[in-house]
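Student: got a predicted model here, sequence first, then my questions.
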Amino acid sequence: EARMLKMKSYPGDEEVEYSEEMAAIFHKVPPGEGDESMSVKPWLGAIKCPKKFDGKEKKIKKDKPKEDFQIEHIYGYRTEETRMNCFWNNSGKLVYPAAAVGVVYDFNERKQTFFGGGKTKSGGGRKQNDESKNSHTDDITSLAVSASRKLVATGQNGPTPTVFIWDAETREVKQKLKLPKGSRLVTGIGISANDKYVACADAAEKIAAHVYDISKGGKPIGEVKINAKVTHLCWHPTNEGLFSTCGAKHIIWGVGEGKKWKAEPATGLGTGNFTAISWSSESHETMFGAGSDGKIACIQSKKCTSKVDCGSKTIQSIFCCADPADSSKEVVYASSTDKGLYAYAHVKAALTPLFKIELEAPCISIDMKDGKLACGMKNGMIAIVEAKADAKPNPVMLKHSEGEVWGLVSILMPDNSIRVVTSCDDNRI
C-alpha cells in the first residue's frame, strides 16, 4: 500500500516526465516533503492503551527541554531516491549524507565528524524555511565531492532548496546558495573541475539544472533546461564548461561559460532510462551511461555508439577511473540489480569484461581511491571493496534500507551489554 501511495499523481505533474519505467530506478514521492507528512500522531494506529488507563489524556508539555545534545555517531546512510552520493575525501575518509547531516567517517578509527545537525528554530513552521542555521534543515537529497576531493556540495529538500559548499575535512562552510522558488528538491549536483562552478538539478514543474559561480554566490548565473526527471548530474573531469545529466529517457550535456549555458541532448540512446553517468578521463568526448535496460551506453561526441550488456537487470551505478594496477589504462565499474559489481577494461569507447564481484545488494554509488572502491549499497550498507577479481566486501556501515526510523528501544542484556532495536519504513527490524 505504501508503495502504491508513492506512485500516485501530484499537482503539477502534467508538465514533468515521469515514466512508469522509472519504477525500476526510483519510487515516486511528492517533491518538497519531509517527515511532516507523517507527523500527525502516527502512533495512534500502532499502540493500545493499558487496561488501567483512565481515558484522560495528560497535558502535553510543549516547553523545550533544558538539556542540549552533541551528536556522537549516526547510524545511517541515505539510499532512497538518490544516486552516486558516497565518496572518498582527500585524506581517505568517507563522505556521505544521513538525513539532514553530512557525515565524514574515519571507519578505521570508528570516528565520525559532521556537517550540520542539532536543533532548529522553526517552531511550528516548515523546517525547510528555517534560516537560523548555517547548515541543512531538511534531508540532503544529493551530494557530490570535487575532483580535488577537498570540497563537498550538498543540496536538500524544500520549496526553495538550500545548497552548501563545504570543506571535506574541516566541514567549514565555503558558500551557501538557494535554488529558485518552486525547485522542490535537488536531484543532482556536481562541482566543476577547478571548483569554479556548481550545477544543481531541480524537481520543478519545468525541470532545469542551475549553474552558480561558487566564489560569487548569489543567484544562478545560468540555466540548462532538462524537462525530464534527473537521477544524476556529473561534471566533466577537466572541462569547466561541460557537465551532463541523466534520468528519464535522456542524457543531456550542459555546455557553456559564464552566463551562457545550453542543453545538447545525446542521440541514439533508444527509449530506456539512465540511473547514472560517468566521464572517461582518457577521452574528453567519451562518457558512459548506466541503463535501466541492463546495458552500458558508450557515448562519444554526444552520440551513443554502442551498448554493452551488464548483468540481467537495471544498472544502478557506474564509475570510470584509471586502472589501479596500471594508471595508463582505464576501468569502468558498474553495479547491476542482480547484485553483481562488474569491471570492464576501456579502450577507445570499447569495453572488455574483466571480472565480477558478488555483493549483498546492488550499489547505488561507486567511488575509487588508492585501489579501493567505496560502495554505497541499496540495502543501506557501505562497504569497502578491493578492486580485484577475488575481493570480499568489507562492510563499514549497516542500516535500514529506506525511509525513516519510527520505533527504537534499548535493551539491557543479562551480561549488562546494551542492544538497540529499531523498526523502519522498510518493514525491517
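Tutor: Sure thing, it's come through. Residues are numbered from 1 along each chain as shown.

Student: so the nearest residue to residue 178 once chain neighbours are set aside, which of the three states?
Tutor: Excluding its sequence neighbours, the residue lying closest to residue 178 (Cβ to Cβ, 6 or more residues apart in numbering) is residue 160, at 5.5 Å. To be clear about C-beta, it is placed using only N, CA and C from the backbone, and glycine gets the same treatment. Put simply, residue 160 is coil when judged by DSSP: H, G, I helix; E, B strand; the rest coil.

Student: residue 160 - how many residues pack around it?
Tutor: 14 (other Cβ atoms under 10 Å).

Student: ok, it touching residue 185?
Tutor: No: assessed by Cβ atoms under 8 Å, residue 160 is found out of contact with residue 185, at 10.5 Å.

Student: strands of the stretch 151-300 of the chain, residue ranges please.
Tutor: In the stretch 151-300 of the chain, the strands defined using DSSP state E, counting those that start in this stretch lie at 151-156, 162-167, 173-178, 188-191, 197-201, 208-213, 222-225, 230-235, 242-247, 250-257, 260-265, 274-279, 286-291, 295-300.

Student: who does the last one pair up with?
Tutor: Using DSSP bridges, strand 295-300 pairs in its sheet with strand 286-291 (antiparallel), strand 303-309 (antiparallel).

Student: just these: most buried one?
Tutor: strand 286-291 (a mean of 26; mean count of other Cβ atoms under 10 Å).

Student: rounded mean pLDDT for that one, please.
Tutor: Confidence for strand 286-291, expressed as mean pLDDT, is 96.

Student: next one: stretch 74-93
Tutor: Stretch 74-93 shows a mean pLDDT of 93.

Student: and the end-to-end length of it?
Tutor: From its first residue to its last, stretch 74-93 covers 15 Å (Cα to Cα, to the nearest Å).

Student: tell me the buried residues in it?
Tutor: Neighbour-count burial for stretch 74-93, counted by 16 or more other Cβ atoms under 10 Å, picks out 74, 76-89, 93.

Student: flag every buried residue along stretch 153-163.
Tutor: Quick answer for stretch 153-163 (16+ other Cβ under 10 Å): 153-159, 161-163.

Student: tell me the one of those nearest residue 47?
Tutor: Nearest to residue 47 among the buried residues of stretch 153-163 is residue 157, at 28.7 Å by Cβ to Cβ.

Student: quickly list what that closest one is bridged to.
Tutor: When assigned by DSSP bridges, residue 157 has beta-bridge partners residue 185.

Student: pretty sure it sits against residue 139.
Tutor: Yes: taking contacts as Cβ under 8 Å, residue 157 lies within contact range of residue 139: 4.9 Å.

Student: measure the residue nearest to residue 385 when sequence neighbours are not counted to residue 94 for me?
Tutor: Counting by Cβ to Cβ, 6+ apart, residue 385 lies nearest to residue 373, which is 4.4 Å off, once chain neighbours are set aside. Distance, residue 373 to residue 94, using Cβ to Cβ, to the nearest Å: 12 Å.

Student: tell me where the stretch 51-200 of the chain is predicted with low confidence.
Tutor: Along the stretch 51-200 of the chain, the model assigns pLDDT under 70 to residues 54-58, 120-133.

Student: how many residues are close by residue 416?
Tutor: By other Cβ under 10 Å, the residues close to residue 416 number 6.

Student: check which helix or strand covers it.
Tutor: Under the criterion of DSSP states H and E, residue 416 resides outside all helices and strands.

Student: could you do residue 338 as well?
Tutor: Going by DSSP H and E, residue 338 is not part of any helix or strand.

Student: related to what we said a few turns ago, now render the strands of the stretch 151-300 of the chain as CSV, adding distance to residue 403.
Tutor: Putting these into CSV (distance: least, Cβ to Cβ, whole Å) gives the following:
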stretch, distance to residue 403
strand 151-156, 17
strand 162-167, 23
strand 173-178, 27
strand 188-191, 21
strand 197-201, 23
strand 208-213, 28
strand 222-225, 32
strand 230-235, 19
strand 242-247, 22
strand 250-257, 28
strand 260-265, 34
strand 274-279, 20
strand 286-291, 24
strand 295-300, 30
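
Student: run through the helices of this structure in chain order.
Tutor: Here the chain has its helices, by DSSP state H, at 2-6.

Student: strand partners (parallel or antiparallel) of the longest strand seen in the chain?
Tutor: What stands out as the longest strand in the chain, according to DSSP state E, is strand 326-336. Using DSSP bridges, strand 326-336 pairs in its sheet with strand 315-323 (antiparallel), strand 340-347 (antiparallel).

Student: check contacts around the residue nearest to residue 238 when sequence neighbours are not counted.
Tutor: Leaving aside its chain neighbours, residue 238 sits nearest to residue 193 (5.2 Å; criterion: Cβ to Cβ, 6+ apart). Under the criterion of Cβ atoms under 8 Å, 6 or more residues apart in numbering, the neighbours of residue 193 are 147, 235-240.
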